[in-house]
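Q: give me coordinates for this.
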Amino acid sequence: MAHDHKSNEKVVYVGDSRVRKRSNKTIVPPDYTAFPGKSEAFIPNFLLKEWLVGCVVLVGFLVLTISEAPPLGYPADPTNASFIPMPDWYFLFLYQFLKYPYASGDYVVLGAVAVPGVAFGALLLAPFLDTGKERRFYRRPIAASLMLLSLVACIYLTKVSWDHYQHELEITNTIPEHIEREEKAREAAEKGQEFSAIKKEEAVALVDADDPAMEIAKANCIGCHATDLNGNKQGKVPSLRGVGDILTKEQLVETVTNGKGGGAMPSFKDKLSAAEIDQITTWLAKQKKAE
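A: Numbers count the residues shown, from 1 in each chain. A predicted model of the protein is given here:
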């Protein structure tokens, strides 16, 4: 430092490194990418990020399902022998796996519980079993090989299952329900009509509506079975239209005469004569669906 005011004297300024420079900027610690081969802690750093991403995806799916209602399929028909049951696409690999002899029959517990349980259990325990800090997949040969093998197996089994399903459709000449529904919906849209996958039951017409027995029915039956004799579904009162397809003449005589269901169907043996009971039951036995 200079002590005098001589102009030819050299002035040297010395700074103290212990004095930090004042700055309004926030000091941000370096990211994990600044350290090659290192990674952040799985719990809670990495796991918390995965949960946050999962919540965002879940909310997106919920919004999608609320805004776009799924189409309704046809009601289940146990008499449809041509129907080919198929699971959703994400279960096709397991569906195909269970077709093999060593995963079905006597070994169904092995195929349905043991093998999938070990596979999904290993997937859940993977972060705890593989504790290496290396994140490059080519430097983790065991984990990468197992994951690649699982992926190839799932894709292969899914492809085989789908090809077999298409082959069965060709052999049986069956049109899948969703394709049939789309074709009918498109045809209805072209005609300006509405289409519903729920098939409405056709009303059964009365047979011999001018028969004199109709007067007996109006006098004694419409109180429970309604004026059109269609019954009351809420009150669990059956329709008399088409009753001839369900009960025989003898069964109708027994029901009208002695009642049924502990008083749900009252007895008419004290209200109607034998001739009237024979007349009304003969008419009811004719009430069948038109073929």
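Q: which parts of the lowest-mean-pLDDT helix or strand in the chain are buried?
A: The weakest-scoring helix or strand in the chain, judged by mean pLDDT, DSSP states H and E, is helix 177-190 (a mean of 82). Neighbour counts over helix 177-190 (16 or more other CB atoms under 10 Å) mark Arg181, Ala185 as buried. C-betas here are computed from N, CA, C, even on glycine.
Q: only C-alpha atoms, please: export the following helix or strand past that helix in PDB.
A: Scanning forward in sequence from helix 177-190 by DSSP states H and E, the next helix or strand is helix 213-220. Listed next in PDB are the C-alpha coordinates belonging to helix 213-220 (Å, rounded to 0.1, in the frame of the first residue of the first chain):
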ATOM      1  CA  ALA A 213    -113.000 -64.200 -21.200                       C
ATOM      2  CA  MET A 214    -111.500 -60.700 -21.500                       C
ATOM      3  CA  GLU A 215    -114.500 -59.300 -19.500                       C
ATOM      4  CA  ILE A 216    -113.700 -61.700 -16.700                       C
ATOM      5  CA  ALA A 217    -110.000 -60.500 -16.800                       C
ATOM      6  CA  LYS A 218    -111.100 -56.900 -16.700                       C
ATOM      7  CA  ALA A 219    -113.300 -57.500 -13.700                       C
ATOM      8  CA  ASN A 220    -110.800 -59.500 -11.600                       C
END
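Q: helices or strands next to the helix or strand encompassing Asp163 in the packing?
A: For Asp163, the element it lies in under DSSP H and E is helix 141-172. Helices and strands touching helix 141-172, by 3 or more CB pairs under 8 Å, 6 or more residues apart in numbering; DSSP states H and E, are helix 92-97, helix 115-129.
Q: got JSON lines for those, with mean neighbour count, mean pLDDT and distance to Leu58 too?
A: Converted to JSON lines, the helices and strands packed on helix 141-172 look like this (neighbours: other CB atoms under 10 Å; pLDDT from 0 to 100; distance: least, CB to CB, whole Å):
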{"stretch": "helix 92-97", "mean neighbour count": "20", "mean pLDDT": "91", "distance to Leu58": "23"}
{"stretch": "helix 115-129", "mean neighbour count": "11", "mean pLDDT": "84", "distance to Leu58": "18"}
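Q: which of those helices sits closest to Asn45?
A: Set against Asn45 and scored by CB to CB, the helices and strands packed on helix 141-172 come closest in helix 115-129, at 12.4 Å.
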